[in-house]
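Undergrad: got a structure for you, letters missing:
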Ligand code: TGC
Ligand code: FAD
């Protein structure tokens, strides 16, 4: 009953979903290379790491050293390869076909660590960090969220104060991907003038410690940590001069949200493939369950939504390459595609019946992981309000008790 080899039906569905004619040869090449890596190196590892709640960092680093994916849209002099934003998006899609933890690694390293160093850093900071982050020698993390400050990062309590020619950072950060394994953390706090400021905190700096979040039932195969910054002294050379104001942090999020929009399509494709395959193999009432109209409706829904989500990605990719993207469009794509992938994972689970809740069938992992993806990088609700604000000009975020109204 288990689908070891996808039947012809799966291959022809993949063909119908294809956007190959709208991709350049380079973009197709990136797709093929990442797809092979996922099939050979990632898919065989997923079940074990999800079970154990671990992440194979050695394989993760190879996304940089072997595939050149980390920061791949950046110029070559900083370790990138100047590929298109669409190619980067496709890499996200292929990786999340393997599991959300892999795409998370790419999002954080590229969009949340290399991007702010490239965009806001000094030449010295770029030369020091970017090549090593690109080839996976260094790993980075991005510390914005705190225990009491999630959707509303402006309420952060981390503080950065001047001490002679140095700066002292005090605070905590919660739910930080790769926090305990990072060589460098992009940390956001408020300075003495009250402005949000991004700084680089390095592994081993006195007062900087991290512990992993325990009892995670989603994104199990990904490192998520709690950071403690207790009187951490950083030199002025670790302040990112351009990373000033909350907008600077939010611009990094746009990069990661863009990649997630593509990634969600990969997760949905995986679940659709498994569901189609299983429904053709599983027989009840004397026929494959795929022959029942109710199951076909679910498959048809998944197929249509994946197709639309992919076209949406392609459109925002091309817009990003030509003109740059309004952040509300990024929110629209993240919100739409992640909700779509979450529903695909649930439908695929449903089609698997009892086997859908078994660790022996991979749709469960995608369903669990998609809960994190739905929550991080701006929850579904927050993206609804971001789009609402862009359309109406009226911000609906603040509650009655918010003095910043
Ligand atoms: P608000 O007053 O609206 O904005 C402050 C300034 O920023 C500008 N702005 C943006 N700029 C660029 N991109 C965006 N997306 C922007 N959103 C706002 C805005 O124009 C303003 O500029 P200026 O010049 O007027 O100062 O700020 P607010 O405090 O009202 O908050 C707005 C809100 C709620 C949308 C924002 O705080 C938000 O997006 N909240 C969600 C938080 C979030 O997404 N956190 C993610 C943490 S990182 C993460 O989850 C990584 S997961 C990693 C993985 O993949 O494993
Ligand atoms: P809250 O903000 O407390 O929201 C709780 C609920 O209230 C949500 O449903 C939300 O939609 C709703 N809500 C909140 N405000 C409003 C409003 N104004 N209107 C309507 N509804 C509202 N953060 C980082 O900085 N770096 C990372 O690397 C990182 N990695 C993560 C990895 C994982 C696995 C997870 C789960 C989270 C990660 N995060 C990271 C944190 C993530 O960004 C936050 O969880 C997210 O921003 C939501 O914050 P919160 O969990 O505090 O929820």
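TA: Yep, it's here. Please read these numbers as outputs of a predicted model, since none were measured by experiment. Ligands and ions are numbered 1, 2, ... in the order given.
Undergrad: So residue 217: helix, strand or coil?
TA: Using DSSP: H, G, I helix; E, B strand; the rest coil, the three-state assignment for residue 217 comes out as coil.
Undergrad: And it, what's its pLDDT?
TA: Looking at residue 217, its pLDDT stands at 96.
Undergrad: and if you look at residue 126?
TA: Note for residue 126: predicted pLDDT of 98.
Undergrad: Pretty sure it sits against residue 78.
TA: Yes: assessed by C-beta atoms under 8 Å, residue 126 is found in contact with residue 78 at 5.8 Å. The way it works is simple: take the backbone N, C-alpha and C, and place the C-beta from them, glycine included.
Undergrad: Mind listing the shared neighbours of these two?
TA: By the contact definition C-beta atoms under 8 Å, 6 or more residues apart in numbering, residue 126 and residue 78 are jointly contacted by residue 118.
Undergrad: buried ones in stretch 355-372?
TA: Buried residues in stretch 355-372, counted by 16 or more other C-beta atoms under 10 Å: 355-356, 361-370, 372.
Undergrad: outside of that stretch, which residues touch it?
TA: Here stretch 355-372 has contacts from 1-2, 46-47, 50-51, 99-101, 217-221, 264, 267, 270-271, 274-275, 278, 338, 341-342, 345-346, 348-350, 352, using C-beta under 8 Å, 6+ apart.
Undergrad: mind checking the end-to-end distance for that stretch?
TA: From the first residue to the last, stretch 355-372 extends over 22 Å; the measure is C-alpha to C-alpha, to the nearest Å.
Undergrad: That stretch and ligand 1, are they touching?
TA: No: between stretch 355-372 and ligand 1, judged by C-beta under 6 Å from any ligand atom, nothing touches; the nearest distance is 7.6 Å.
Undergrad: do stretch 153-173 as well
TA: Yes: counting by C-beta under 6 Å from any ligand atom, ligand 1 has neighbours in stretch 153-173: 153, 154.
Undergrad: Same question for that stretch: list its buried residues.
TA: Going by 16+ other C-beta under 10 Å, stretch 153-173 has these buried residues: 153, 156, 158, 160, 167, 168, 169, 170, 171, 172, 173.
Undergrad: Pick out whichever of those sits closest to residue 228.
TA: residue 172 (5.4 Å; C-beta to C-beta).
Undergrad: immediately after the helix or strand where that closest one lies, which helix or strand?
TA: Residue 172 belongs to strand 166-177 when assigned by DSSP states H and E. Using DSSP H and E, the helix or strand that follows strand 166-177 in sequence is strand 184-190.
Undergrad: Just give me how far that next one sits from the chain centre.
TA: 19 Å (C-alpha atoms, centre = their mean, to the nearest Å).
Undergrad: hang on, the earlier thing: go back to the buried residues of stretch 355-372 and keep what's next to ligand 2.
TA: Counting by C-beta under 6 Å from any ligand atom, residue 372 from the buried residues of stretch 355-372 sit close to ligand 2.
Undergrad: Go through the buried residues of stretch 355-372 and name the one nearest ligand 2.
TA: Proximity of those to ligand 2 (C-beta to the nearest ligand atom) peaks at residue 372, which lies at 4.0 Å.
Undergrad: now the angle from the helix or strand that closest one falls within to strand 166-177?
TA: For residue 372, the host element (DSSP H and E) is helix 363-375. Angle, helix 363-375 to strand 166-177, by axes from the mean of the first three to the mean of the last three C-alpha atoms, to 10 degrees: 140 degrees.
Undergrad: quick one: contacts of the strand or helix carrying residue 46?
TA: Secondary structure from DSSP H and E places residue 46 in helix 43-52. Helix 43-52 is contacted from outside by 55, 56, 59, 98, 99, 101, 220, 221, 359, 360, 362, 365, using C-beta under 8 Å, 6+ apart.
Undergrad: That helix near ligand 2 anywhere?
TA: No: shown here: helix 43-52 not in contact with ligand 2 (C-beta under 6 Å from any ligand atom), separated by at least 13.4 Å.
Undergrad: quick one: average confidence on that helix?
TA: For helix 43-52, mean pLDDT is 95.
Undergrad: Can you tell me which residue of this structure sits closest to ligand 2?
TA: residue 150 (1.8 Å).
Undergrad: residue farthest from the centroid of this structure?
TA: Farthest-out residue of the chain from its mean C-alpha position, per C-alpha atoms, centre = their mean: residue 286, at 42.6 Å.
Undergrad: ok, back up a step: tell me the one among the buried residues of stretch 153-173 nearest to residue 23.
TA: Proximity of the buried residues of stretch 153-173 to residue 23 was ranked by C-beta to C-beta; the top entry is residue 153 with 35.4 Å.
Undergrad: from what I can see, residue 162 looks like it's in a strand, true?
TA: Yes: per three-state DSSP, residue 162 lies within a strand segment.
Undergrad: Could you pull up the residues touching it?
TA: By C-beta under 8 Å, 6+ apart, the neighbours of residue 162 are 168, 191, 192.
Undergrad: what do you get if the cut-off is 10 Å, keeping everything else the same?
TA: Residues in contact with residue 162 (C-beta atoms under 10 Å, 6 or more residues apart in numbering) are 168, 191, 192, 236, 239.
Undergrad: for whichever strand or helix holds residue 381, packing partners?
TA: Using DSSP H and E, the secondary-structure element containing residue 381 is helix 380-392. The contact analysis (3 or more C-beta pairs under 10 Å, 6 or more residues apart in numbering; DSSP states H and E) places helix 380-392 against helix 246-281, helix 327-351, helix 363-375.
Undergrad: Do it and ligand 2 come into contact?
TA: Yes: Helix 380-392 reaches ligand 2 (C-beta under 6 Å from any ligand atom) through 381, 382, 385.
Undergrad: Neighbour count for these - can I get that in TSV?
TA: Output for the residues of helix 380-392 next to ligand 2, formatted as TSV (neighbours: other C-beta atoms under 10 Å):
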residue	neighbour count
381	13
382	18
385	17
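Undergrad: Let me see the confidence value for residue 3.
TA: What the model reports for residue 3 is a pLDDT of 60.
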